[in-house]
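sequence first, then the predicted structure:
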Amino acid sequence: MNFNLEVISLILCLTSFLSLLLLIYKKMPALVSLPERELFPIDKIKEDMEESLRVTVKEKMHHFEISLQKNLQKSRIFFLKADNRATDMIKRLRERSNKRKEEHDAHWKDIRFSFPIKKNKVK
């Protein structure tokens, strides 16, 4: 059984190799008729790289400007909210201070008027 598998795999490899050679032989005239090109067109690659770098730098600057604008808007909103809260706190503190001052004044007024006033007798 092992021998049969080896023979079958060998036949399969040989037929594959021969069919590959046949395909190359049939396509040889089409390959010959193709125009010759440089194997490694350095100038074309340089131009493509420079153009892609120019586009990439412009895109990065554009994305940077957009993100900067968004961050500045968010920080502005944050500071406006903080300013609004600080203003509210100051307002509440003033109201509380005025209320306590009125209570304090009323307390001392009550104390002052709770004692009888002595009239000084002139001798």
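Yep, it's here.

where in the chain is pLDDT low?
Low-confidence regions of the chain, defined by pLDDT under 70, span residues 1-2, 38-39, 117-123.

okay, the residue nearest the centre of it and Thr15: tell me how far apart.
For the chain, the residue sitting closest to the mean C-alpha position, by C-alpha atoms, centre = their mean, is Ser67 at 7.4 Å. According to C-beta to C-beta, to the nearest Å, Ser67 stands 61 Å off from Thr15. (Glycine included, C-beta is placed from N, CA and C.)

returning to what we had before: need the three-state assignment for the residue nearest to the centre of the chain.
helix (DSSP: H, G, I helix; E, B strand; the rest coil).

how close does it get to Tyr25?
From Ser67 to Tyr25 the distance is 60 Å (C-beta to C-beta).

over to Met49?
Per C-beta to C-beta, Met49 is found 39 Å from Tyr25.

got it, and Arg92?
Per C-beta to C-beta, Arg92 is found 95 Å from Tyr25.

can I get stretch 51-59 as CSV, trimmed to CA atoms?
The C-alpha trace of stretch 51-59 is given here as CSV (Å, rounded to 0.1, in the frame of the first residue of the first chain):
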residue,chain,number,x,y,z
GLU,A,51,3.6,62.6,-4.4
SER,A,52,2.3,60.3,-1.7
LEU,A,53,4.4,62.1,0.8
ARG,A,54,3.1,65.5,-0.3
VAL,A,55,-0.5,64.2,0.0
THR,A,56,0.2,62.5,3.3
VAL,A,57,1.7,65.7,4.8
LYS,A,58,-1.3,67.8,3.6
GLU,A,59,-3.7,65.2,5.0
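
and it, which residues are buried?
Within stretch 51-59, no residue qualifies as buried by neighbour count (16 or more other C-beta atoms under 10 Å).

centre of the chain to that stretch, how far?
Offset of stretch 51-59 from its chain centre (C-alpha atoms, centre = their mean, to the nearest Å): 20 Å.

likewise stretch 15-24?
55 Å.

got it, and stretch 73-92?
For stretch 73-92, the distance to the chain centre is 25 Å (C-alpha atoms, centre = their mean).
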